[in-house]
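[1] got a structure for you, letters missing:
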């Protein structure tokens, strides 16, 4: 939590003034019993009617003042907390934007989303609560004790005993229940898991006729959850009765010793009532504090989770080569090979075995390179190294003869069009989606990219054309349509290198082959990497790299590989018939 | 509650019925604890009346009163605790029953329902809504209940002491309710604005952070941040309003309490001067004034909570009341082992009435034949599986499996005749052994190993840390796609039924594993009628019948040579693969 405090910096005034007004309000509340005691001991005893009116008016004025103070306090607290949340949100979003693939893999996208939303909300309300109430409760407790001392020191000793005992009881119950709540959460997760599994596997479950078995398992998990809830309930249900007993024992003591003090002439009857009142105020304040601590623990946990994200340091940052030095004009005219890999070895974080080992090849300007192999063989990893989404563990990746680590990231990535495996489109018009890669793309540029990607018909079939709204996640489009649109999106920026990472899998064979032909005809000088599991998709590439378990098992044309590469033969013959293999 | 909640309340009561005795006990304890809680201030007041001034303190009387007070306190707290226990018990048991019932519904709902609702939606019925309902119910029991008893009890006690002062309390208190509801109405619109802004923010974050990799690949980060900041600013604005206005409820009601207190003080003081009440009785009133307003404040928040709980309960009950699958015909016989022949007679089917899908489909399959289903993704290959397994019922026509109309036999006995390996591999979180022996507990280890060997899964299982006892995480997280599919094959291998439905993997499996899967498939299919959703031409060419599907319908049917001769979609599909 402390690490997040700087986000309150812009709201220093509010964060100090807010609690101060809150304390002021509490002070008014603390004086009320004393005034009441005066009414009893002066007004009633001496039948002083004007005095009662006067004091009554004071009570009302104090009430109004208290209301004013606390409204101000709430306003400042809300302002500071919301400002805090807004700043934190901005910073976290910016931070996530800087993370590289390795860190995103480590954290997981869905986790990041949760941290961005519900965790920040949780912390924001935590801050609000602290500013409003955290000082108030202890202040009332201490204040009530001090007030009791001003009335009578001997009787006030009772407070010195009762308050610590009550705090201890509240603390003890909380310490007992908090770990138990974790058990409740765990069993709830199990129940959730069961439900999710049953939804995902509903066909298998019915095919295997195990509905009853699943029901029994669920009932067991559900019962376990119930038992944990009841256990926690039993203990936390002790809180109110126990504090009630303690406070009232305190009151009994106050009345008894207060009686003695009155007999000795040290205090008056009304003051005994005031003492009883203070005891009740302390109880209320302590119970409020206990609830506060529970909410605060939640906020702390969220703060911890947010800090975990801030702890992820972007592993990939700009290299020293800026746009001028690397020069945009160098692209395209450069005689060097467009992409080279020199003895590249790559480990994913925490993994023992390399995902890629000793990869060397070079791809020329205008060349189409097919990459094939089974899943887990490192195809996607290989192409992800070119735009420097990951850094190599050993060796070097060069684009236009310059190590990718030397490039300014923005310049490097602008030259590369990537079509990822998962066809993701964003909520907005098709035009907006197309402009993602090139902010100032004209409609002609977009149309020509769509044409190459075989996606023009999708747009032309819609009445709104380029202004057609893509719903969230592109749900209003089919898988094949989405894939073609994502390919077009990458083409809009007219990249020097185009990477198709298994991104034509949802296309039927005919569209797939039309796409390949169009890519060849419409884009001169562009180096294209086609990653696929389908031999048919890559067999006509200029060169094919066959990957097997992170190593290059063969590199060459379809014909060459059929003659020399056993892995390639296996793949082809498992997918194609003999005459198709050729 | 409003009338629209009536039905829901009745349904909730039905679930509470088994625990009525707890409810009765809880009521008794509530009355005891509230009555005694209210009696305690009277005792304190009496004791204070014995402390008038120096030489006027009656210690004997005080001692006697305090002794009674001590007893009262202990009984009160015991009653409070027991009441809480009863409430906990009722709530958690009722909720468990509701949850279990909702889950049971999941198992009998037609697939039509499951397929047409998002998982998240269904999960939130069974988990989130039930939890919210539980929170509301518990709060209702503990606070609403005691709150009402406290209000009524305080009124009675106050009236019994002094009518005039009681009137002051009764007249001022509603002010707090009024203020609270006034604020609540104002805040409602602000909260709605806040949650709208939040929803916008969440969906932007979901898109941008969830697809951070794409954002980075296109260098969209800066622009994303701009869009984010815009929404963030808007959220700040509406949040400030919502939070501030909702947080003024407490000070305002506290202010009303203060007024009540002052009112009681002034009127009480005058009454005490006139001698109608003693100072002790005044102190008793003062503590009532505090107690009396508290439940009012609580009730207003409980009512909101309860309304939310009822809304959740309603959603849960709606789910529970969804029409289940048409049960098996009471005369339905359990069919035995099928002979492998299958006939589709004039079958028509569609998911939506407006959109026709399968129409007058005819197909005759002889025992042991291989039927390949081909077509582009999303062409409706699963539709056929849905009908064969009777996940969906045909709209017209019949499906006849070894002489039985499949609607005339029990679903279980029908499905027992099919072995199914789908591309979306599904494994339970449990051990490897449990997964292979899924649906057949107590299968001896040797049989499991034999099945794993037949599925070529034994090798990798043995290499895993705990072999067959290795725990498979949620959604098979610690296995590769190919390994998951091999386990699914082993699961079917354990008990091979006469009919098979196999879904060839389009992707995601390395070459070696793929060859193993192919071998396993071949072994399974020996002598069995098999439906294969085929992606490999080798499979397609060897099939006895090829069903070519497009846009949900079977457009061509025949073997490889026949279909090439027809020169239709299949020929096009087949040849396009080699177009250059």
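    Right, received. Where do you want to start? As the structure is a prediction and not an experimental result, all values here were calculated from the model.
[2] How far off centre is stretch A:443-459?
    Relative to its parent chain, stretch A:443-459 has a centroid offset of 36 Å by C-alpha atoms, centre = their mean, to the nearest Å.
[3] For the stretch 201-350 of chain B, which segments are assigned as strands?
    B:342-349 (DSSP state E, counting those that start in this stretch).
[4] would you list every one of the helices in it?
    B:212-217, B:221-247, B:249-273, B:279-320 (DSSP state H, counting those that start in this stretch).
[5] In CSV, list these along with distance to residue B:349 and mean pLDDT.
    Where C-beta positions appear, they are placed from N, C-alpha and C, glycine not excepted. Listed next are the helices of the stretch 201-350 of chain B as CSV, based on distance: least, C-beta to C-beta, whole Å; pLDDT from 0 to 100:
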stretch, distance to residue B:349, mean pLDDT
helix B:212-217, 38, 84
helix B:221-247, 45, 91
helix B:249-273, 57, 88
helix B:279-320, 26, 82
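[6] List the contacts of the closest residue to residue B:270 other than its chain neighbours.
    Sequence neighbours aside, residue A:52 is the residue nearest to residue B:270 in space, at 6.8 Å (criterion: C-beta to C-beta, 6 or more residues apart in numbering or on different chains). Contacts for residue A:52 were tallied using C-beta atoms under 8 Å, 6 or more residues apart in numbering or on different chains; they are A:39, A:43, A:44, B:266, B:269, B:270, B:273.
[7] Among those, which one sits closest to residue B:295?
    residue B:266 (23.7 Å; C-beta to C-beta).
[8] Give me the pLDDT for the nearest residue to the closest one once chain neighbours are set aside.
    Once flanking residues are discounted, residue B:266 sits nearest to residue A:56: 3.8 Å by C-beta to C-beta, 6+ apart. On the pLDDT scale, residue A:56 is placed at 92.
[9] Nearest residue to residue B:157 in space, ignoring adjacent ones along the chain?
    Here the residue nearest residue B:157, using C-beta to C-beta, 6+ apart, is residue B:38, at 4.9 Å.
[10] Nearest to chain B: which residue in chain A?
    residue A:374 (2.5 Å; C-beta to the nearest C-beta).
[11] Outline the domain layout of chain B.
    Segmentation of chain B into domains, based on automatic domain parsing, reads B:1-162+B:300-323, B:342-576.
[12] Out of those, which gets the lowest mean score?
    Minimum mean pLDDT among the domains of chain B: domain B:342-576, a mean of 84.
[13] what does the stretch 351-500 of chain A have sitting close to chain B?
    A:373-377, A:387, A:389, A:410, A:413-414, A:416, A:418, A:420, A:424, A:426-427, A:436-437, A:439, A:472-473, A:478-480, A:489, A:493 (C-beta under 8 Å from any C-beta of the partner chain).
[14] Show the backbone phi and psi for the residue nearest to residue B:266.
    phi -60, psi -40 (degrees, to the nearest 10).
[15] Check whether it really touches residue B:265, as I assumed.
    Yes. The pair residue A:56 and residue B:265 passes the contact test of C-beta atoms under 8 Å, sitting 6.2 Å apart.
[16] mind listing what residue B:347 touches?
    So residue B:347 contacts B:358, B:360, B:361, B:362, B:387, B:394, B:396, B:397, B:398, B:399 (C-beta under 8 Å, 6+ apart).
[17] Just give me the residue closest to the centre of chain B.
    Centroid-nearest residue in chain B: residue B:126, 2.2 Å away (criterion: C-alpha atoms, centre = their mean).
[18] Report the separation between that one and chain A.
    Using C-beta to the nearest C-beta, to the nearest Å, residue B:126 is found at 5 Å from chain A.
[19] Quick one: the strands in chain B, in order.
    B:342-349, B:358-365, B:370-374, B:396-401, B:404-405, B:418-421, B:430-431, B:471-472, B:499-503, B:529-533, B:545-550, B:553-558 (DSSP state E).
[20] starting at the chain centroid, how far to the fourth one?
    How far strand B:396-401 lies from its chain's middle: 36 Å, per C-alpha atoms, centre = their mean.
[21] Kindly report the same for the second one.
    When distances are taken as C-alpha atoms, centre = their mean, strand B:358-365 is centred 39 Å away from the chain's centroid.
[22] Can you list the strands that it pairs with?
    In the sheet, strand B:358-365 lines up against strand B:342-349 (antiparallel) (DSSP bridges).
[23] and the helix or strand encompassing residue A:150 with chain B, contact?
    If you go by DSSP states H and E, residue A:150 is part of helix A:136-151. No. Counting by C-beta under 8 Å from any C-beta, chain B is not contacted by helix A:136-151; separation bottoms out at 11.0 Å.
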